[in-house]
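A.B. asks: for reference, the sequence and a predicted model appear below.
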Amino acid sequence: MPYKLYKDDDDIVHVAWIGDIDGETVRAYLEEVEPYLAQATPDRLIHAVIDSSRDGKYTAEARRYFADLSKDPRLGRIALINSSRTTRLMAKFFIKVSRREDVMRFFDGEEEAVTWLKEERRKTEMF
């Protein structure tokens, strides 16, 4: 499987992409992540840490799936770690397409990425 996926005790989804990503891979990923998204509420969105340090090329079909996913209102913040220049450009495009420019940031390490996501979770739980 070209990705690893799990949800931690703080309800943060962790994804590591490995190798080239095609449409079939993204469809399988979306099936696996859908139960997490189904549990989301407007007050408790699903946040994600995405490790792209070992990703490869993305097919056009895979990019279309990610563009659609970026518009999903159940998806909260996304922290990308160890992203290549190509992955950063692609992610910035998805941000523009989704018109949710405040939801994605790039980090060098997982610890600071998770801290950022937990801060957002605390903000929404305060109300």
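C.D. replies: Sure, I can see it. Numbering: from 1, shown residues only.

A.B. asks: downstream neighbour of the helix or strand harbouring V49 in the secondary structure list?
C.D. replies: V49 is part of strand 46-58 when elements are defined by DSSP states H and E. As assigned by DSSP H and E, the chain's next helix or strand after strand 46-58 is helix 60-70.

A.B. asks: hey, C-alpha coordinates of the helix or strand of the chain at the bottom of the mean pLDDT ranking in CSV?
C.D. replies: In the chain, no helix or strand scores lower on mean pLDDT, DSSP states H and E than helix 85-98, which sits at a mean of 79. Once non-C-alpha atoms are left out, helix 85-98 reads as follows in CSV (Å, rounded to 0.1, in the frame of the first residue of the first chain):
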residue,chain,number,x,y,z
ARG,A,85,8.9,21.6,-3.6
THR,A,86,6.5,19.8,-6.1
THR,A,87,4.2,18.6,-3.3
ARG,A,88,4.1,22.1,-1.8
LEU,A,89,3.1,23.6,-5.1
MET,A,90,0.4,21.0,-5.6
ALA,A,91,-0.9,21.6,-2.0
LYS,A,92,-0.9,25.4,-2.5
PHE,A,93,-3.0,24.8,-5.6
PHE,A,94,-5.5,22.7,-3.6
ILE,A,95,-5.7,25.5,-1.0
LYS,A,96,-6.6,28.0,-3.7
VAL,A,97,-9.2,25.7,-5.2
SER,A,98,-10.8,25.0,-1.9
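
A.B. asks: which helices and strands sit right next to that helix?
C.D. replies: Contact here means 3 or more CB pairs under 8 Å, 6 or more residues apart in numbering; DSSP states H and E; on that basis helix 85-98 packs against strand 46-58, helix 60-70, strand 75-81, strand 104-107. In this view, the C-beta of every residue, glycine as well, is placed from N, C-alpha and C.
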